[in-house]
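> How does the following fold in three dimensions:
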Amino acid sequence: MNKKRLKRKQLEFNLVKCDLEDTEDILRVCNQHFNNKFVHASDTTSSNDPPQEPEEEDREEEVERIDEEPDLNERAHEGANKKISKESRSLFKKIAIKTHPDKMINLDKDEKEERETLYLVAQRAVADDDLATLIEVAAELGIDSGIAQDTQVKIIQQKIDFIREKMHNIKQTAAWVWYHADENQKDQIEKQLTGQMGFKRKI
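The predicted structure is shown next:
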């Protein structure tokens with residue numbers, strides 16, 4: 001029964017992550033339309049001003065940042081000053097061993113790419129102390145997380161709740177509410193934006 005509960009919770013986790021991706025995609029559209037129509041009074045840059053070209057030194061620094069290839073272990077250790085749980089560190093080590101190049105010599109190209117992708121996901125997760133995602137990666141790699149199934153369910157549920165709260169907050173933003181309002185509601189919302197919230201319409 002616990003195994004089935006865990007499987008259902010993992011499926012729910014994946015669905016919620018897909019919902020978040022969709023929500024963030026929609027938010028980008030909302031922000032684009034919103035920013036084309038409104039500017040906040042605190043924004044000192046005129047909407048009619050042409051975009052400023054970066055200085056030559058700034059461009060060179062930007063190129064350097066893009067060209068720099070981070071060390072494979074850098075992402076995992078960039079959270080060294082953060083409080084990363086022992087469970088996250090331990091599970092990441094198991095994932096790193098399973099996805100080490102020496103362990104992938106006999107795998108085909110697709111399998112190697114899949115494991116490399118999972119390793120990158122695990123790197124981000126351990127830096128963020130995201131144990132739920134590490135559990136998911138471990139499951140995909142056939143790794144025993146060493147964490148009791150009931151505990152895994154609770155950890156994944158906490159992550160699901162966090163993601164749902166994030167989506168809820170996205171849908172409360174001015175850009176989202178304005179974009180999804182009907183025409184009658186938009187008039188009222190625009191009055192609030194320009195009258196109470198410090199926005200002004202672009203000319």
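
> going forward, measure contacts and count neighbours with C-alpha atoms only.
Fine.

> Give me the mean pLDDT for stretch 180-196.
Mean pLDDT, computed over stretch 180-196, is 90.

> no wait, stretch 18-33
Mean pLDDT, stretch 18-33: 97.

> outside of it, which residues touch it?
Contact partners of stretch 18-33, identified using CA atoms under 8 Å, 6 or more residues apart in numbering, comprise Ile163, Arg164, Met167, Ile170, Ala175, Trp176, Tyr179.

> switch to 6 Å and redo it
By CA atoms under 6 Å, 6 or more residues apart in numbering, the surrounding residues in contact with stretch 18-33 are Ala175, Trp176, Tyr179.

> Just the buried positions in it, please.
The neighbour-count check on stretch 18-33 (16 or more other CA atoms under 10 Å) flags Leu20, Thr23, Glu24, Leu27, Cys30, Asn31 as buried.

> Among these, name the ones in helices.
Of these, the ones assigned to helices by DSSP state H are Leu20, Thr23, Glu24, Leu27, Cys30, Asn31.

> Adding distance to Ile135 as columns, could you present those residues in CSV?
Shown next, in CSV, are these (distance: CA to CA, whole Å):
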residue, distance to Ile135
Leu20, 19
Thr23, 24
Glu24, 24
Leu27, 29
Cys30, 33
Asn31, 34
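
> Looking at those residues, which one is closest to Lys154?
Leu20 (19.9 Å; CA to CA).

> thinking again about what came up before, for the contacts of stretch 18-33, which one is nearest Met197?
For the contacts of stretch 18-33, the residue nearest Met197 by CA to CA is Ala175; the value is 12.3 Å.

> on that earlier part again, out of the contacts of stretch 18-33, which is nearest to Glu12?
Glu12 lies nearest to Trp176 out of these, by CA to CA, at 24.9 Å.

> circling back to that earlier point, and which of the contacts of stretch 18-33 is nearest Arg201?
Arg201 lies nearest to Ala175 out of the contacts of stretch 18-33, by CA to CA, at 13.4 Å.

> how many neighbours does the closest one have?
Residue neighbour count, defined by other CA atoms under 10 Å, stands at 20 for Ala175.

> so what are the domain limits for this protein?
Following automatic domain parsing, one finds the domains of the chain at 1-38+161-203, 74-141.

> And those, which one averages the lowest pLDDT?
Among these, domain 74-141 carries the lowest mean pLDDT (a mean of 87).

> Tell me where the protein has helices.
Secondary structure of the chain (DSSP H): helices located at 2-37, 56-67, 74-77, 86-98, 109-127, 131-140, 149-170, 174-180, 183-195.

> same for the last one, what does it pack against?
Same thing as helix 183-195. Using 3 or more CA pairs under 6 Å, 6 or more residues apart in numbering; DSSP states H and E as the contact test, no helix or strand touches helix 183-195.
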